[in-house]
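Colleague: predicted model, plus sequence, below.
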Amino acid sequence: MLKKWILVSYILTVTLYSDTVSFTLENDFFGSKEDNHYTNGVFLVWMRDAEEESIFNTFLSDMQTNTAVSLSHQMFTPTDKEATEALWDDLPYAGYAKLNFLLYKSTKNYFHEFGFNLGAIGPITKAEEIQDFFHTVVGDGKFKGWDNQLGDQWMAGISYQFAYKTDALDWHGLKLDSISNIRAEAGNYYTGALISTTVRISSFTQNSFITAGSFMVTDESDLLHLDKVNGFEWDFSAGVFVNGVYNYYIVDEGIDMGYTIEPMRSTIGWQFALNLMYDSFRYTYKLKSSHVNDQRHKRWGGMTISWRF
C-alpha cells in the first residue's frame, strides 16, 4: 500500500507541477556484455524551475532556488545466473529503491545541493519481478538465485554536493567548459565522498551542469538550469572521478552473512556522455566505467529522455 501511495503521489506531482522531467534506464547491457553486479537501474526525476516564492529563499538568499524529487530503483546480482544456491564468493542478490528530496541553491557558475533520501532493500522492492520482465523483453535468460537476495531493510541518508562550472570558451565556433564537483553522503545504505572533473564541448553556450561525480550514472543535477533550444543542438563530455567509501550496505551485509568478498573501500573511473537536444527535449547516453578497490572492473550505460514544460 505504501509503495502504491508513493508512486501515485509522485506521478500526480510530476503531472500537475512539472517544470523539467527525466526518465533514465541504466543497464550493463548498454555498456558491456557482462550481466552482473550493478545490472539495472530505473530513475524518474522532477525538478521545478526557479522558485521566486519559497520557504527556502531566506537561506543563501542571493542565489536561485530549485527543488527536485527523484525515484530510483536498482538491482544487483552475482555473475552466475544459473546457480540457485547462494554464491558465497560473489556479490549477493539485492534490490534497492530510493526516494530522494533535493534543494538547490545556485548561480550560473556553481550550485549547492542538499539532499535527504528514504529507501528500502529486499523483496519489497520487487527487483526479481522487474528483472524477469526486462530479460523477457530483451530475450535474455533469467537469473535463478533471487531466493537468496538480501532481506527487507529500510534505508535513509543525507547528502551534500557542490559543483563549479567555468565560463564557456569559444573554440573554432564550439563552446568548451569544465565542471568539477565534490559530493558527500552519510546513511545506512552508503557513506562516502566523491570528487570529479568533467570537460564538455557543445554546439552552444549552456547554462546547465553535468558531472561525473555520482555514485551511479544518473545525477539529478543534470536537470539544473537545463536550456530550451531552438532546433537541434548537441554536446559531448568526458569526466573522471574518485570515490572513497566508508560503508556500502549491499557488500557489508553480505560479509556479515558470510560472503567471502572484500569491503568496498574505493572506486575510480571515467564517464562519457552525449546529449542530443531538440527544442524542449533532450536525449542523453552515458557510459561509465568503474574499478572497485583497484581490482574488480565494471562498465555500464544509461539512456535518458528529458523534457521541459
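Modeller: That came through, no problem. Just so it is clear, the structure is predicted and the values come from calculations on it, not from any experiment.
Colleague: residues making contact with the helix or strand containing Gly269?
Modeller: Secondary structure from DSSP states H and E places Gly269 in strand 266-278. Applying C-beta atoms under 8 Å, 6 or more residues apart in numbering, the contact partners of strand 266-278 are 196, 198, 210, 212, 217, 227, 229, 231-245, 282-294. In short, each C-beta sits where N, CA and C put it, glycine included.
Colleague: PyMOL command for the buried members of these?
Modeller: In PyMOL, this line selects whichever of those come out buried by 16 or more other C-beta atoms under 10 Å:
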select buried, resi 196+198+210+212+217+229+233+234+235+237+239+241+243+245+282+284+286+287+288+289+290+292
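Colleague: three-state assignment of the residue most central in space within the chain?
Modeller: Taking C-alpha atoms, centre = their mean, the centroid of the chain lies closest to Thr218, which sits 2.6 Å from it. Here Thr218 is recorded as coil under DSSP: H, G, I helix; E, B strand; the rest coil.
Colleague: check contacts around it.
Modeller: 24, 26, 41, 43, 45, 72, 286, 302, 304.
Colleague: give me the subset of the residues you listed that lies in helices.
Modeller: With helices defined by DSSP state H, no entry of the contacts of Thr218 lies inside them.
Colleague: okay, these in a markdown table with pLDDT and distance to Met63 next?
Modeller: Output for the contacts of Thr218, formatted as a markdown table (pLDDT from 0 to 100; distance: C-beta to C-beta, whole Å):
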| residue | pLDDT | distance to Met63 |
| --- | --- | --- |
| Thr24 | 91 | 27 |
| Glu26 | 83 | 31 |
| Gly41 | 86 | 31 |
| Phe43 | 92 | 26 |
| Val45 | 93 | 21 |
| Ser72 | 93 | 26 |
| Lys286 | 90 | 27 |
| Gly302 | 86 | 29 |
| Thr304 | 92 | 26 |
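Colleague: how about JSON lines for those, with distance to Phe111 added?
Modeller: Formatted as JSON lines, these follow (distance: C-beta to C-beta, whole Å):
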{"residue": "Thr24", "distance to Phe111": "20"}
{"residue": "Glu26", "distance to Phe111": "23"}
{"residue": "Gly41", "distance to Phe111": "23"}
{"residue": "Phe43", "distance to Phe111": "19"}
{"residue": "Val45", "distance to Phe111": "15"}
{"residue": "Ser72", "distance to Phe111": "20"}
{"residue": "Lys286", "distance to Phe111": "20"}
{"residue": "Gly302", "distance to Phe111": "21"}
{"residue": "Thr304", "distance to Phe111": "19"}
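Colleague: between those residues, which sits nearest Asn66?
Modeller: Distance to Asn66, by C-beta to C-beta, is smallest for Val45 among those, at 11.9 Å.
Colleague: if I pick the closest one, what's in contact with it?
Modeller: Counting by C-beta under 8 Å, 6+ apart, the residues that Val45 touches are 21-22, 24, 68-70, 218, 220, 223.
Colleague: what's the neighbour count on Asp167?
Modeller: 9 (other C-beta atoms under 10 Å).
Colleague: for Trp270, same thing?
Modeller: 17.
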